[in-house]
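Participant: any chance you could fold what I've pasted below:
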Amino acid sequence: MTTTTAWDDSALRAPDGFRGIFRTDDHVRAMYSESAGIAQIVPDAVAVPADADDVVTLVRWAATLGVPIVPRGSATSMANGALGRGVALDLSRLDWIGAVDAKGALVTCGPGALRDTVDTAARGHGLRVAVDPSSGAFCTIGGMVATNAAGARSVKLGAMRPWVRGLDCVFADGSRAWVRRGEPRPRVEALRTFHHDVARDVRDRGASLARPGVRKESSGYALADYARSGDVVDLLVGSEGTLAIFVGIELALAPVPAARTALLASFRSLEEAVQAAGHATALGASAVELLDRTFLDVVRAEASALSIPAGADAVLLIEAEGETPADADTLTLRLADTCRQARASHVVSAPDEQTAARIWRIRHAASPILNALDPNLASMQLIEDGAVPPERFPDYVRGVRAALERHGVRGVIFGHAGDAHAHVNAMVDVRDPVWRARARALMDDVTGLVALLGGTLAAEHGDGRLRTPLMFRVWDARAMALFARVKQAFDPVGVLNPGVKVPRADDDPLASVKYDPALPPLPAEARAALDRIVRERDWAAFRLGQLPHA
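Facilitator: Below is the predicted model of the structure:
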């Protein structure tokens, strides 16, 4: 069992030799107390390292004192994995980008490099970052690796794991080494212990832990992937800062398509839409997005501009890529035909880039509209990352709809239909004296639904502190025991993001919800800055730069 040494939060001060920023004042700590998810957890200190060597210094100090280290980038984490007690380690300043290796289709960058900035560098060589989440303008490559992030185009190109070629790691004892695919194991204690104590059991049992039919997975440790490949990189990707801290990433790049087209198809029933989504995925669509009727109700004005029928139960946004414009156009025609064969009531193809942009604008319209619906309704990402086998996807969406109605919570459902993966924004009225009970009951019902349908709670956002306490509902005891043994091998003192991936007794995913009117207020300057970041979606802003007096 991983243990955590007792530590004195009142005596925290910068480690000897640490050259970056180390702060313990209240207004700075408050700036690191929230992320894109629902939690508020004020850290005991904030550290902004000057470079990778500073990370080594900090981790060695933390290992000696038993102080938890919680790494973070832009804090776009939906599952609250970038929040916690101890030291908030802000890696966003480690944002260097190396020269693009066009011949090898590789780039090396720091964990704080923004996804779209790296993508821009790659596109100068006819290449791109394959994984394209909607938060690409402000999420970091390090955060994407930590959660095995995916996105709309992962239906064709996959999630982050296969694109990561190597990781420059700082392990829990402060040792540092590059771990690369196909190369000999570095001589560090964490890897020696894992290979000696745990690796054989993972190879023997890990493959059996894969979920049949589930296309995306960022819950638990990737034991099935490691069992297949024997590459520790596969285990580290998606580990959410609990096994090592990444200070450098070597990323494989994909070619830029010559052409891209889009279409929008409306359906009278969810089953028809899901059937068409399966066919579109099989045909090679690069994106297959579902907009449920709950979503369409919110974006009604945008939907009417594209003549989406008022009675549509679901809409698919489908994208096609091609090596030539003719290839993309041909695939788009086939995709439109397959939608009509699945009884689409209305199909709109994009004849130009402007129309394609309008189609995609619908997909991204919900968040600002939701935030403006009612100041008393908090958009809570309680059940926002479930994925199931594709044939069970209609059951899942209908089950989520029923759970929202049963508990009197308004909700918006959308997501990646090609991967049978739904995002859900639950709109909770925090004036209701029983709002927390409603939220807890909703989480309980949908967790049970995911387990019943053989799905995962975390398809692309990780377990974080939101889902880790619920993991036992969808993973069996054998899997949970193996996760704990992996964590123990890499982090025996328990300083790397404790409470994520391996549950602790009495951890409560709803213990400290940032929308709770009963929470003590944050310092006014920090509260105003955090609210501006959310309002303007300025997640990439350096937190200390938002405080005039910091």
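Participant: tell me how far the residue lying closest to residue 141 once chain neighbours are set aside lies from residue 444.
Facilitator: In space, and not counting its chain neighbours, residue 141 is closest to residue 113: 5.0 Å by C-beta to C-beta, 6 or more residues apart in numbering. Every C-beta, even on glycine, is put in place using the N, C-alpha and C of the backbone. Counting by C-beta to C-beta, to the nearest Å, the gap from residue 113 to residue 444 is 39 Å.
Participant: again with residue 338
Facilitator: 38 Å.
Participant: please apply the same query to residue 419.
Facilitator: From residue 419 to residue 444 the distance is 25 Å (C-beta to C-beta).
Participant: just residue 480 next, same as before
Facilitator: Taking C-beta to C-beta, one finds residue 480 at 19 Å from residue 444.
Participant: ok, residue 453 next?
Facilitator: For residue 453, the distance to residue 444 - C-beta to C-beta - is 15 Å.
Participant: more crowded one of those two?
Facilitator: residue 453 (20 against 15; other C-beta atoms under 10 Å).
Participant: ok, that one - contacts?
Facilitator: 388-389, 392, 395-396, 399 (C-beta atoms under 8 Å, 6 or more residues apart in numbering).
Participant: out of these, which is most surrounded?
Facilitator: Counting by other C-beta under 10 Å, top hit in the contacts of residue 453: residue 388 with 28 neighbours.
Participant: what packs against the host helix or strand of residue 250?
Facilitator: Assigned by DSSP states H and E, residue 250 belongs to strand 245-252. If contacts are counted by 3 or more C-beta pairs under 8 Å, 6 or more residues apart in numbering; DSSP states H and E, strand 245-252 sits against helix 52-65, strand 106-109, helix 141-147, strand 164-170, strand 176-180.
Participant: confirm residue 414 sits in a strand?
Facilitator: Yes: assessed with DSSP: H, G, I helix; E, B strand; the rest coil, residue 414 lies in a strand.
Participant: excluding chain neighbours, give the residue nearest to it in space.
Facilitator: residue 295 (4.5 Å).
Participant: wasn't the one you found part of a helix?
Facilitator: Yes: counting by three-state DSSP, residue 295 is located in a helix.
Participant: that one against residue 415, yeah?
Facilitator: No: using C-beta atoms under 8 Å, residue 295 is not in contact with residue 415, being 9.2 Å away.
Participant: ok, the residue lying closest to residue 399 once chain neighbours are set aside to residue 411 distance?
Facilitator: Nearest-residue entry for residue 399: residue 449, 4.4 Å, with adjacent residues in sequence omitted and distances by C-beta to C-beta, 6+ apart. The spacing between residue 449 and residue 411, counted by C-beta to C-beta, is 14 Å.
Participant: quick one: common contacting residues for these two?
Facilitator: By C-beta under 8 Å, 6+ apart, the residues touching both residue 449 and residue 411 are residue 400.
Participant: looking at the two, which one has more neighbours?
Facilitator: More neighbours surround residue 411 than the other of residue 449 and residue 411, with 24 against 21 (other C-beta under 10 Å).
Participant: need the contact list for the more buried one.
Facilitator: So residue 411 contacts 294, 400-401, 404, 424-427 (C-beta under 8 Å, 6+ apart).
Participant: tell me where the stretch 251-400 of the chain has helices.
Facilitator: 270-283, 293-298, 300-305, 325-341, 353-363, 366-373, 393-406 (DSSP state H, counting those that start in this stretch).
Participant: beta partners for residue 101?
Facilitator: residue 106 (DSSP bridges).
Participant: these two touch, right, it and residue 121?
Facilitator: No: taking contacts as C-beta under 8 Å, residue 101 lies outside contact range of residue 121: 11.4 Å.
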